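Novice: sequence first, predicted model second:
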Amino acid sequence: MIESLIPTVSEVAQYQKQMFMDENIVFKTKTDKFDIVSDVDMRSQRILLAAIEKDFPASGIVAEEIGQDKPSQDGTWFLVDPLDGTANFKAGIPLWAISIGFVKDGAISSGIISLPFTRELFFSQDSVPIMKPLKTLASAEFYGIDSTFENQPLHGLTLKRRQLGAAVPTLMWCCDSRHRQRPRLDFALMGKGSFWDVCGAIAFLKQKGGALIDATGQDFTECSDVFQTLGGLQKLRTYNFRYVASANKHVAQEIYQRYLKT
């Protein structure tokens, strides 16, 4: 259904890559000095939302940059992160992403993720099975982590960590196994996340039989009503995701029990 948006996502990805390293881009801070937005974010969001409005006029929209949300008329919603990793983009680090998640009747249904710099574009319904899925946490090799956990002792983990500065690519690499026998990352341990950061990736994890479990113990790949779980549309914008994600549900559950459960 949402694959009609793929050409527009590709168009926005091409625009972002063209603008990367442009010295005329204007960056502004939002909630704090580490939370920034650029005119590239804003233009990207406008293009994506115009396409959604055109193809899905009855759908609701929640987008990262405020001011363009709209209620749903038919029980469907789009969660849009037009440029995840703006700090990387500003610093000239070629790692950022575009993410669109689709929710139908409260359940996350599908997603589109683009990594503009590498020209990779993923649609959750096209996901293929992992050839050699991770069987146990003990056999894991690489994981993604963010600053929420950088000073927290993770007893028992001696793996090679990757701190990438962008949630969407990190989560995508927990799912992507094209041309590989296993995903690029065995799991991710993340915090300070918003729903638009994770919604699209949850669709991929769901397709793979994986999980995204937050600190409350909720597995969002199995959630039947995400809006109710998050406290309604108004609280969605302030909900702070601290979570583990993996294409292997059992591994995600083990990490939750060890490092997230309170």
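Specialist: Structure's in. What do you need?

Novice: alpha carbons only for contacts and neighbour counts from here, please
Specialist: Fine.

Novice: so where is the stretch 51-200 of the chain shaky, pLDDT-wise?
Specialist: Within the stretch 51-200 of the chain, no stretch has pLDDT under 70.

Novice: mind listing the helices for it?
Specialist: 86-91, 167-172, 195-208 (DSSP state H, counting those that start in this stretch).

Novice: residue 57 is nearest to which of the ones you listed?
Specialist: Taking CA to CA, helix 195-208 is the member of these nearest to residue 57, at 19.7 Å.

Novice: could you say what helices and strands the following helix or strand past the closest one packs with?
Specialist: Following helix 195-208 in sequence order, the next helix or strand is strand 211-214 (DSSP states H and E). Secondary-structure packing of strand 211-214 (3 or more CA pairs under 8 Å, 6 or more residues apart in numbering; DSSP states H and E): helix 195-208, strand 241-246, helix 249-255.

Novice: in JSON lines: those, plus distance to residue 83 and mean neighbour count.
Specialist: Converted to JSON lines, the helices and strands packed on strand 211-214 look like this (distance: least, CA to CA, whole Å; neighbours: other CA atoms under 10 Å):
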{"stretch": "helix 195-208", "distance to residue 83": "10", "mean neighbour count": "27"}
{"stretch": "strand 241-246", "distance to residue 83": "18", "mean neighbour count": "26"}
{"stretch": "helix 249-255", "distance to residue 83": "26", "mean neighbour count": "21"}
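
Novice: ok, back up a step: want to throw the helices of the stretch 51-200 of the chain into TSV with distance to residue 114?
Specialist: Output for the helices of the stretch 51-200 of the chain, formatted as TSV (distance: least, CA to CA, whole Å):
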stretch	distance to residue 114
helix 86-91	14
helix 167-172	9
helix 195-208	11
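
Novice: which of those helices sits closest to residue 23?
Specialist: helix 86-91 (9.6 Å).

Novice: any buried residues in that closest one, and which?
Specialist: Going by neighbour count (16 or more other CA atoms under 10 Å), the buried part of helix 86-91 is 86, 87, 89, 90.

Novice: equivalent analysis for stretch 54-72, please.
Specialist: Buried, per 16+ other CA under 10 Å, within stretch 54-72: 56, 58, 59, 60, 61, 62, 63, 64, 65, 69.

Novice: quick one: the third one from residue 66, how far?
Specialist: Put plainly, it is residue 59. 17 Å (CA to CA, to the nearest Å).

Novice: cool, residue 180 as well?
Specialist: Distance from residue 180 to residue 66, by CA to CA: 38 Å.

Novice: residue 75 now?
Specialist: Separation of residue 75 from residue 66 (CA to CA): 21 Å.

Novice: quick check: domain ranges of this structure?
Specialist: 2-126, 137-260 (the TED database).

Novice: what's the most buried one of the ones you listed?
Specialist: domain 137-260 (a mean of 20; mean count of other CA atoms under 10 Å).

Novice: first to last residue in that one, what's the distance?
Specialist: 15 Å.

Novice: try stretch 106-123
Specialist: With CA to CA, one end of stretch 106-123 sits 20 Å from the other.

Novice: can you pull the contacts of residue 137?
Specialist: Counting by CA atoms under 8 Å, 6 or more residues apart in numbering, residue 137 touches 251, 254.
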